[in-house]
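J.: Make a model of this:
(one chain, ligands or ions: 2)
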Amino acid sequence: MPVLGEICDTCKKNTLKVTITPPGDIRPAFSYDISLINKISTKQFGVPLIPDDRVVILNKAPYDDRMEEIIIDGKVIGNIRFEIERLDWVLLLRPSGAKILFEGRNLKSLKNWVMVDDTAVPFIVNGASVLAPGIIDCDNEIIEGNEVIVVSRENNVVAGGRSKMKGSEMISSEYGVGVKTRWNGANNDTSLLKKETKWSDVIKANEAIMEKYTQEAYNFINNTIKNIDKPICISYSGGKDSLVLMQLLNECLEDFDILFADTGLEFPETLDNVEKVAKCYDKNLISTSAGNSFWESFPAFGPPTVESRWCCKICKLGPISSLIENNFEDGCLTFIGQRKYESSARAKSSRVWKNPWVVNQIAAAPIQNWTALHVWLYILKTKAPYNPLYEQGYDRIGCWLCPSSSLSELMRLKDTHPHLEEQFMNQLVSFAESRGLSKKWVRHGMWRWEKPPQNIRKSANNLGISLVQKNSSTQDLNFKITSGYRPCKDDVFSAEGSFGIPLNIEDFKDNNLLSACGVPLYIDGAVIVKNKGINVQIFASGTITVQDRDEKKALSLIKDAKNSVIRSLKCQSCGICVRHCPNKALNIAHNGIHIKNNCEHCSKCIYKCPVIKFNK
Ligand code: SF4
Ligand code: SF4
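T.: Ligands and ions are numbered 1, 2, ... in the order given. Sure thing, here's the model as predicted:
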């Protein structure tokens with residue numbers, strides 16, 4: 001039974017600590033999650049993993065895509081993870097999970113098992129991999145790369161890992177590794193308790209700790225209201241965190257408004273939930289919608305990426321800023337359902353802060369220290385009307401095509417909202433075609449990064465997916481820019497822009513004109529221009545990004561970078577800029593203009609160049 005404190009309120013005994021992967025934002029598994037785990041388990045091992053009538057907790061762990069640790073009866077019994085290369089889920093059992101599935105069962109009714117000889121058992125338990133000569137029987141259908149469980153003649157679980165050869169080869173081979181083990185030895189690991197658990201029992205066992213958390217949130221809300229004399233509102237998103245906040249705020253005061261910004265990319269269930277919540281709590285709903293802005297801007301910016309979230313500025317920050325400015329002339333105090341477990345930026349954020357992107361708005365976060373399990377226990381206890389998407393496999397409720405979403409969630413769209421998925425896929429495929437990128441690039445979610453992380457690039461390589469965008473004509477360099485403060489990034493201002501066409505990064509090396517705005521550092525698929533502690537990133541996709549606390553500096557640098565790119569690509573070798581350099585760092589020869597190493601990055605030469613002066 002999961003208890004969030006040191007004493008269980010039901011039996012009054014001390015609880016045991018369960019070690020999970022940080023940050024530990026645990027949550028309940030809904031029936032969709034449980035049936036997904038059982039489906040994966042049945043496909044891989046022939047039987048479902050999760051017994052009926054059990055409370056199951058999931059813990060999101062860091063990975064290339066979505067990965068959830070599965071916790072039952074105080075044990076992490078395994079995890080499921082979505083593998084980008086397979087476009088499928090894989091279940092990785094831990095010793096207790098393997099015991100549930102394999103011990104006391106007829107092996108012939110199961111899949112992906114390997115039986116080893118008694119003489120091999122001590123070596124394997126001590127950490128050795130499983131060698132083919134030690135294998136006495138196995139599932140014949142095993143193929144290389146499968147997750148397998150290793151058992152003894154008595155059917156005791158000995159190890160778990162990935163097969164290195166086919167089942168038929170394991171039996172016949174006289175040498176070679178049959179299974180590369182990930183964990184060895186399971187004897188000390190007990191299997192699950194037989195007693196069934198219910199969520200109503202969990203709520204009861206956590207009564208005192210939840211009382212402490214809610215009381216602390218009430219105190220925080222009441223003190224904040226006392227200290228900040230402004231009209232009060234709540235930023236409601238349709239998600240679980242803002243729902244808890246709604247309930248808490250409603251218990252502290254009667255009169256406040258609900259703010260909701262529809263990005264135009266909200267799930268229909270979210271829009272329904274917002275209406276329902278406003279009605280249910282009988283509060284005034286002040287809303288705005290970005291309408292079709294996203295789709296209108298898509299041709300100019302391309303798909304939003306982790307590095308360049310132009311959509312946040314266009315579809316969210318702009319509309320919500322004007323909403324507040326139009327409705328709260330002298331500012332407002334907005335309660336926000338932010339929690340530190342959500343991201344490292346939120347972990348560092350203070351609990352009350354001045355919103356840098358909306359004039360006169362003070363934001364406050366009463367549930368900053370709650371985990372997702374605190375949130376769900378409170379929702380289940382108060383029966384607050386939560387968004388039904390949580391029961392359909394969605395963990396975060398926001399824009400349905402956010403580049404921060406896992407590929408598993410984006411693929412889930414196909415089942416739950418096929419028309420939305422189709423609309424987006426069509427746009428992505430025609431974008432990919434215009435850049436010489438493949439349908440596989442779209443299908444495997446590579447569009448989510450300007451420059452994918454190393455593991456993702458490795459997967460792209462294994463799948464034969466090219467990440468290089470086709471270079472097109474530079475005749476029409478039309479730069480679109482968007483900028484603003486990042487609400488979740490602790491006062492950081494960011495500016496993102498796109499030429500709308502890919503750039504060949506290698507082209508910039510020859511004339512070195514990017515030096516005019518900083519020191520260029522060329523990396524695969526991008527160039528980082530460093531200027532007095534600020535990095536401007538220029539990507540092969542045609543996107544330029546910059547972030548800094550100083551808005552003016554960031555805007556001035558992105559302008560210099562944009563103009564340096566244009567100047568570099570369109571230089572006419574007129575030589576005008578040469579005489580304007582105070583350091584004599586410009587040199588013109590038969591192969592054109594070049595900035596030398598003594599350049600001090602003052603940017604003066606950029607604006608003397610006729611290509612920039614007359615570039616409209
Ligand atoms: S004017 Fe000279 S020193 Fe200044 S950026 Fe241009 S090349 Fe560099
Ligand atoms: S001033 Fe003339 S030589 Fe210098 S970058 Fe511009 S076009 Fe090229």
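
J.: Okay, the closest residue to residue 156 other than its chain neighbours and ligand 1: tell me how far apart.
T.: In this structure, residue 156 finds its nearest non-sequential neighbour in residue 103, 6.6 Å apart by C-beta to C-beta, 6 or more residues apart in numbering. Every residue, glycine included, has its C-beta placed from N, CA and C. Using C-beta to the nearest ligand atom, to the nearest Å, we find residue 103 at a distance of 71 Å from ligand 1.

J.: Tell me how far residue 103 lies from residue 311.
T.: When distances are taken as C-beta to C-beta, to the nearest Å, residue 103 and residue 311 turn out to be 50 Å apart.

J.: Neighbour count for these two, which is higher?
T.: Each of residue 103 and residue 311 has its neighbours counted (other C-beta atoms under 10 Å); residue 311 has more, 26 against 14.

J.: Okay, and residue 127 sits in which element?
T.: When secondary structure is defined using DSSP states H and E, no element contains residue 127, which sits outside every helix and strand.

J.: list the buried ones in stretch 389-405?
T.: Neighbour-count burial for stretch 389-405 flags 389-390, 393-403, 405 (criterion: 16 or more other C-beta atoms under 10 Å).

J.: Pick the one among these closest to ligand 1.
T.: Nearest to ligand 1 among the buried residues of stretch 389-405: residue 403, at 34.1 Å, using C-beta to the nearest ligand atom.

J.: Is it correct that that closest one is in contact with residue 309?
T.: Yes: assessed by C-beta atoms under 8 Å, residue 403 is found in contact with residue 309 at 6.9 Å.

J.: contacting residues for residue 435?
T.: Applying C-beta atoms under 8 Å, 6 or more residues apart in numbering to residue 435 gives the contacts 469-470, 502, 541.

J.: of the residues you listed, the lowest pLDDT goes to which?
T.: Comparing pLDDT over those singles out residue 470 as the least confident position, at 74.

J.: List the single closest residue to it in space, sequence neighbours excluded.
T.: For residue 470, ignoring the flanking residues on the chain, the nearest one in space by C-beta to C-beta, 6+ apart is residue 436 at 2.9 Å.

J.: same thing with residue 497?
T.: residue 481 (3.7 Å).

J.: can you pull the pLDDT of the one you found?
T.: Here the pLDDT value assigned to residue 481 is 82.

J.: so what's the backbone phi/psi at it?
T.: Per-residue torsions, residue 481: phi -130, psi 150 (degrees, to the nearest 10).

J.: What about it, how many residues nearby?
T.: 17.

J.: That one: what's it in contact with?
T.: The contact partners of residue 481, by C-beta under 8 Å, 6+ apart, come to 495-497, 558, 562.

J.: Quick check on residue 288: phi, psi?
T.: Residue 288 has phi and psi values of phi -140, psi 160 when expressed as degrees, to the nearest 10.

J.: Do a quick rundown of the helices in the stretch 451-600 of the chain.
T.: All helices of the stretch 451-600 of the chain, identified by DSSP state H, counting those that start in this stretch, fall at 454-463, 507-511, 551-570.

J.: Pull the contacting residues for residue 581.
T.: With contact set as C-beta under 8 Å, 6+ apart, residue 581 has these partners: 599, 604-605.

J.: Go through these and single out the one with the most neighbours.
T.: Within the contacts of residue 581, most neighbours by other C-beta under 10 Å means residue 605, with 26 neighbours.

J.: Show me which residues of the stretch 501-616 of the chain are close to ligand 1?
T.: 516, 581, 583, 585-586, 595, 599-605 (C-beta under 6 Å from any ligand atom).

J.: tell me the SS of residue 398?
T.: On the three-state scheme (DSSP: H, G, I helix; E, B strand; the rest coil), residue 398 is labelled coil.

J.: typo on my end, residue 160
T.: Secondary structure state of residue 160, per three-state DSSP, is strand.

J.: Please look at it and residue 185 and confirm they touch.
T.: No: under the criterion of C-beta under 8 Å, residue 160 is not in contact with residue 185, lying 10.3 Å apart.

J.: out of these two, which sits in the busier spot?
T.: Taking residue 160 and residue 185 together and counting by other C-beta under 10 Å, residue 160 has the greater number of neighbours (23 against 17).

J.: Could you report the pLDDT at residue 138?
T.: Note for residue 138: predicted pLDDT of 97.

J.: What of residue 475?
T.: The per-residue confidence score, pLDDT, reads 53 for residue 475.

J.: Next: the one 3 residues further on.
T.: At residue 478, the pLDDT value in this model is 79.

J.: give me the number of residues near it?
T.: Residues contacting residue 478 under the criterion other C-beta under 10 Å number 9.

J.: do residue 14 as well
T.: The number of residues packed near residue 14 is 11, by other C-beta under 10 Å.

J.: Tell me who's in contact with it.
T.: By C-beta under 8 Å, 6+ apart, the neighbours of residue 14 are 6-8.

J.: Next: residue 509.
T.: When the contact criterion is C-beta under 8 Å, 6+ apart, the partners of residue 509 are residue 522.

J.: again, only using 10 Å
T.: With C-beta atoms under 10 Å, 6 or more residues apart in numbering as the criterion, the residues that contact residue 509 are 520, 522, 527, 568.

J.: Tell me where the stretch 251-400 of the chain is predicted with low confidence.
T.: 343-349, 355-359 (pLDDT under 70).

J.: Leaving out chain neighbours, which residue sits closest to the residue of it found nearest ligand 2?
T.: Relative to ligand 2, the nearest point of the stretch 251-400 of the chain is residue 300 (25.8 Å; C-beta to the nearest ligand atom). In this structure, residue 300 finds its nearest non-sequential neighbour in residue 480, 4.3 Å apart by C-beta to C-beta, 6+ apart.

J.: From ligand 2, how far out is residue 418?
T.: From residue 418 across to ligand 2, the span is 51 Å (C-beta to the nearest ligand atom).

J.: So for that residue, what's the pLDDT?
T.: 97.

J.: what's the distance between it and residue 388?
T.: With distances taken as C-beta to C-beta, residue 418 is found 17 Å from residue 388.

J.: What of residue 553?
T.: When C-beta to C-beta is the yardstick, residue 553 and residue 388 sit 45 Å from each other.

J.: and what of residue 380?
T.: Here the distance between residue 380 and residue 388 works out to 15 Å (C-beta to C-beta).

J.: Residue 99 contacts residue 156, doesn't it?
T.: Yes: here residue 99 lies in contact with residue 156, judged by C-beta atoms under 10 Å, at a distance of 8.6 Å.

J.: Specify which residue of these two has the higher count of neighbours.
T.: Higher neighbour count among residue 99 and residue 156: residue 99, with 22 against 15, using other C-beta under 10 Å.

J.: What average pLDDT does stretch 402-409 get?
T.: Stretch 402-409 comes out with an average pLDDT of 93.

J.: which element is the residue lying closest to residue 365 once chain neighbours are set aside on?
T.: In space, residue 365 comes closest to residue 338 once its chain neighbours are excluded; the distance is 4.2 Å by C-beta to C-beta, 6+ apart. Using DSSP H and E, residue 338 falls within no helix or strand.

J.: Please work out how many residues are found near residue 338.
T.: The number of residues packed near residue 338 is 24, by other C-beta under 10 Å.
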